[in-house]
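Enquirer: Dropping the sequence and predicted coords here.
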Amino acid sequence: MKFTCKDVQNRWSEYLYRELDERELNLFIRHLLECEFCRAEEARWKDLLTRLDGLGASEGIFDAPPELLATVKREIILEEEESPRKTFSRLAGWVAGAACVFALVTGGLVTGFEQLQHSVQSKKVKKPVEESVLSNIYNDETLQIYREEGILLEPTPKKNTKCADR
C-alpha cells in the first residue's frame, strides 16, 4: 500500500502532532521522499508552526505561573500515589459484588432443588400409574425405572365397588 497526495493532505495534523502509528508514518515519509509537491507543503507547515511557536514565546504565553506548575505537579504526585489504592478499592468492590451474586444464585438453586425434592417425595405429585397420563406417554420399562428411582409410587390396587354380599 502507498500513500497518495490526497492521503498525505488529509493527514497533515496527525503527522505533525506525531499521531500516526509506525506503519502509517513510514508510508507518509516514503511518499514525502517521492513527491516534491508534498515535501514543499511539509516545509510550509513546519515554517508556520515555527512562527506560531515564536509568537507565543515572544509574548510570554509559554511561561506558566508558578502556582499552576505547583498544582499540576501536586496532582500528578497524588494521582500516582492513589492509583494503586483506587485499583484495589475497585477490585474489592467487584469481588464483593461477585460474591453477593454468587450467594444469591447459589441460594436460589439450593432452595429450588429442595422444593423440587420435596415435591417429588410428596404424595400430591406421585400418583399411581393407573390414574396418570404417564402410562399413555411412557412404556412399561420406563415407568418401572421411575418407580425404582422413587419418582412414581407403586400402583394402588383399585377397590372393588361391588358389594361382596350380593
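Expert: Here it is on my side, so go on. From a predicted model like this one, the values you see are computed outputs, not experimental measurements. Numbers count the residues shown, from 1 in each chain.

Enquirer: Same question for whichever helix or strand residue 7 is part of: list its buried residues.
Expert: According to DSSP states H and E, residue 7 maps onto helix 5-10. Buried residues in helix 5-10, defined by neighbour count with 16 or more other CB atoms under 10 Å: residue 8. Bear in mind the C-beta positions are built from the backbone N, C-alpha and C, glycine included.

Enquirer: Could I have the CA atoms of it written out in PDB?
Expert: Taking Å, rounded to 0.1, in the frame of the first residue of the first chain, the C-alpha atoms of helix 5-10 are listed here in PDB:
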ATOM      1  CA  CYS A   5      -1.000  13.000  -2.300                       C
ATOM      2  CA  LYS A   6      -4.700  13.100  -1.100                       C
ATOM      3  CA  ASP A   7      -3.800  10.700   1.800                       C
ATOM      4  CA  VAL A   8      -1.000  13.000   2.900                       C
ATOM      5  CA  GLN A   9      -3.100  16.100   2.600                       C
ATOM      6  CA  ASN A  10      -5.800  14.600   4.800                       C
END
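
Enquirer: The next helix-or-strand element following it - contacts with which helices or strands?
Expert: Downstream of helix 5-10, the first helix or strand assigned by DSSP H and E is helix 12-16. Other elements packing on helix 12-16 under the criterion 3 or more CB pairs under 8 Å, 6 or more residues apart in numbering; DSSP states H and E are helix 22-34, helix 36-58.

Enquirer: Could you rerun that using 7 Å?
Expert: helix 36-58 (3 or more CB pairs under 7 Å, 6 or more residues apart in numbering; DSSP states H and E).

Enquirer: in the helix it packs on, what's buried?
Expert: Buried, per 16+ other CB under 10 Å, within helix 36-58: 38, 41-42.

Enquirer: Show me what the helix holding residue 7 is packed up against.
Expert: Partner elements for helix 5-10 (3+ CB pairs under 7 Å, 6+ apart): helix 36-58.

Enquirer: Return the closest of the buried residues of helix 36-58 with respect to residue 149.
Expert: Closest to residue 149 out of the buried residues of helix 36-58 is residue 38 (82.0 Å), distances taken as CB to CB.

Enquirer: quick one: low-confidence parts of this structure?
Expert: Residue ranges of the chain with pLDDT under 70: 56-65, 80-87, 117-136, 152-166.

Enquirer: Scan it for its longest helix.
Expert: helix 66-121 (DSSP state H).

Enquirer: which of the buried residues of helix 36-58 lies closest to residue 91?
Expert: Nearest to residue 91 among those is residue 42, at 47.7 Å by CB to CB.

Enquirer: Thought residue 32 was touching that closest one, still the case?
Expert: Yes - applying CB atoms under 7 Å as the test, residue 42 and residue 32 come out as touching, 6.0 Å apart.
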